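Asker: my questions concern the predicted model and sequence given below.
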Amino acid sequence: MTGQSSSVPVLSVRDLTVEFVTRRATLRALDAISFDIARGEVLGVVGESGAGKSVTGSAIIGLIDPPGRIAGGEVVLSGERIDNLPPEAMRRIRGKRIGMIFQDPLTSLNPLYRVGEQLVETIRTHTDLNAADARKRAIALLDEVGISAPERRIDGYPHEFSGGMRQRVVIALALCAEPEFIIADEPTTALDVSVQAQIITLIKRLCSERGTSVMLVTHDMGVIAETADRVAVMYAGRIAEIGPVRDVVKQPLHPYAKGLMGAIPSLEGDAERLVQIPGSMPRLSAIPSGCAFNPRCSRVFARCHVERPELIQVGDRKVACHLYDMPESLRGKAEIAA
Ligand SMILES: Nc1ncnc2c1ncn2[C@@H]1O[C@H](COP(=O)(O)OP(=O)(O)O)[C@@H](O)[C@H]1O
Ligand SMILES: [Mg+2]
């Protein structure tokens, strides 16, 4: 957006709450989460399955379908509130200002149309280019995402591309209207291990060349360590810890983040360092009171059963854990007293 100071975050999420209303209960999938993404920044989002990562992405792009709803909070894109826009205005923002890359490339590609038709249509919807120039732009983009002989392959159908090549086409599609922000939700999970790193490297390079901000959802901590500037660790619809990747990955504070980071294989492939967190993520209908992580936490104490921890600033990061709401000298004692 022109006229915006670069200090305005590209994305600002404030107390975002998402609920699914069922006959039996109202289930809270996101519970007042807040975070910012700066211009050009890559925010990694991690957490076990069911943590709320995809719901966060869907809420940002206005794609929470009934019986789900945004029950509170705000989503602000480059200074403009977008969570309350009419559906038509939100449709224009998707694709134009927010690009999307999902796990399965066929979520974004229509199997019935040639990839070139899809690229050209998206480019023409969001720019003033005529058909010939849009086609030139599409070919250049296919070339940029690493598709060889793009002049010929632009007329191929999605099924004529391998999984990795299809995801490259999706990246071209996500970038073709030059969005300020991209959501990539597990963009490599469905791909061969051998091409995963190439796809991540490509997203990272293209976005950093364009100054595009990225929210990168992945369960691959190695990818986060190499790609993200900051990382948010999610658990049961809340942010457990958020901060610079060097802090959160190398020296996590929240016991859940410690457990997740302990699950990164070391470079030497030392399998004994793979620590599993006991138990599993609670279902939305049975989120424990107090800290949702308390039944699985090795450092639980009395307060964790009764009071939901809020994010508190610790150095450059924020952590939602009562351990950090007391002097360091008392930390061990609280647990013993529990
Ligand atoms: N359409 C839906 N109806 C009911 N619950 C949902 C729906 N979509 C997601 N959820 C619930 O919201 C929680 C977060 O899901 P999700 O964001 O997909 O997790 P993940 O972190 O694995 O991406 C999960 O408990 C999931 O079961
Ligand atoms: Mg998901």
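Answerer: Okay, I see it. Ligands and ions are numbered 1, 2, ... in the order given.
Asker: you'd agree Pro295 is up against Ser289?
Answerer: No - counting by CB atoms under 8 Å, Pro295 does not reach Ser289; the two are 10.7 Å apart. Yep, even glycine has a C-beta here, placed from its N, CA and C like the rest.
Asker: what about these two, which has more around it?
Answerer: Pro295 (15 against 11; other CB atoms under 10 Å).
Asker: how close does that one sit to Thr122?
Answerer: From Pro295 over to Thr122 the distance is 46 Å, taken as CB to CB, to the nearest Å.
Asker: give the burial count for the nearest residue to Leu141 once chain neighbours are set aside, as a bare number.
Answerer: The shortest distance from Leu141 to any non-neighbouring residue, by CB to CB, 6 or more residues apart in numbering, is to Ala172 (4.2 Å). Number of residues near Ala172 (other CB under 10 Å) recorded here: 28.
Asker: distance of Ala172 relative to Asp15?
Answerer: 35 Å.
Asker: relative to Ile312, how far out is the spatially most central residue of the chain?
Answerer: By CA atoms, centre = their mean, the chain has its centre lying nearest to Val217, at 3.4 Å. According to CB to CB, Val217 stands 25 Å off from Ile312.
Asker: then Ser280?
Answerer: 26 Å.
Asker: and if you look at Arg39?
Answerer: 26 Å.
Asker: more neighbours: these two, which one.
Answerer: Arg39 (18 against 13).
Asker: would that one count as being in a strand?
Answerer: No - looking at Arg39 with DSSP: H, G, I helix; E, B strand; the rest coil, it is coil, so not inside a strand.
Asker: correct me if wrong: it contacts Val10.
Answerer: Yes - between Arg39 and Val10 there is a contact under CB under 8 Å: 5.2 Å.
Asker: ok, back up a step: which helix or strand contains the residue nearest to Leu141?
Answerer: If you go by DSSP states H and E, Ala172 is part of helix 163-175.
Asker: now what about that helix, what contacts it?
Answerer: Helix 163-175 has contacts (CB atoms under 8 Å, 6 or more residues apart in numbering) with 99-102, 105-106, 108-109, 115, 118-119, 122, 138, 141-142, 144-147, 158, 161, 182, 187-188, 190-192, 195, 198-199, 202-203, 206, 210, 212.
Asker: please pick the buried ones from the residues you listed.
Answerer: By neighbour count, with 16 or more other CB atoms under 10 Å, the contacts of helix 163-175 hold 99-102, 105, 108-109, 115, 118-119, 122, 138, 141-142, 144-145, 147, 158, 161, 182, 187-188, 190-191, 195, 199, 202-203, 206, 212 as buried.
Asker: go through those and flag which are in strands.
Answerer: Residues of those located in strands (DSSP state E): Gly99, Met100, Ile101, Ile182.
Asker: could I get these as JSON lines with pLDDT and distance to ligand 2?
Answerer: Supplementary listing: those in JSON lines, determined by pLDDT from 0 to 100; distance: CB to the ion, whole Å:
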{"residue": "Gly99", "pLDDT": "96", "distance to ligand 2": "18"}
{"residue": "Met100", "pLDDT": "96", "distance to ligand 2": "13"}
{"residue": "Ile101", "pLDDT": "96", "distance to ligand 2": "13"}
{"residue": "Ile182", "pLDDT": "98", "distance to ligand 2": "16"}
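Asker: quick one: the helices in the stretch 201-338 of the chain?
Answerer: 221-227, 245-250, 255-262, 302-306, 331-337 (DSSP state H, counting those that start in this stretch).
Asker: looking at those, which is buried most?
Answerer: helix 255-262 (a mean of 22; mean count of other CB atoms under 10 Å).
Asker: now that one: average pLDDT?
Answerer: For helix 255-262, mean pLDDT is 91.
Asker: pLDDT below threshold where in the chain?
Answerer: 1-6, 263-275, 334-338 (pLDDT under 70).
Asker: ok, the residue in it positioned nearest to ligand 2 - contacts?
Answerer: Minimum separation of the chain from ligand 2 (CB to the ion) falls at Ser54, amounting to 3.2 Å. Contacts for Ser54 (CB under 8 Å, 6+ apart) come out as Asp185, Val217.
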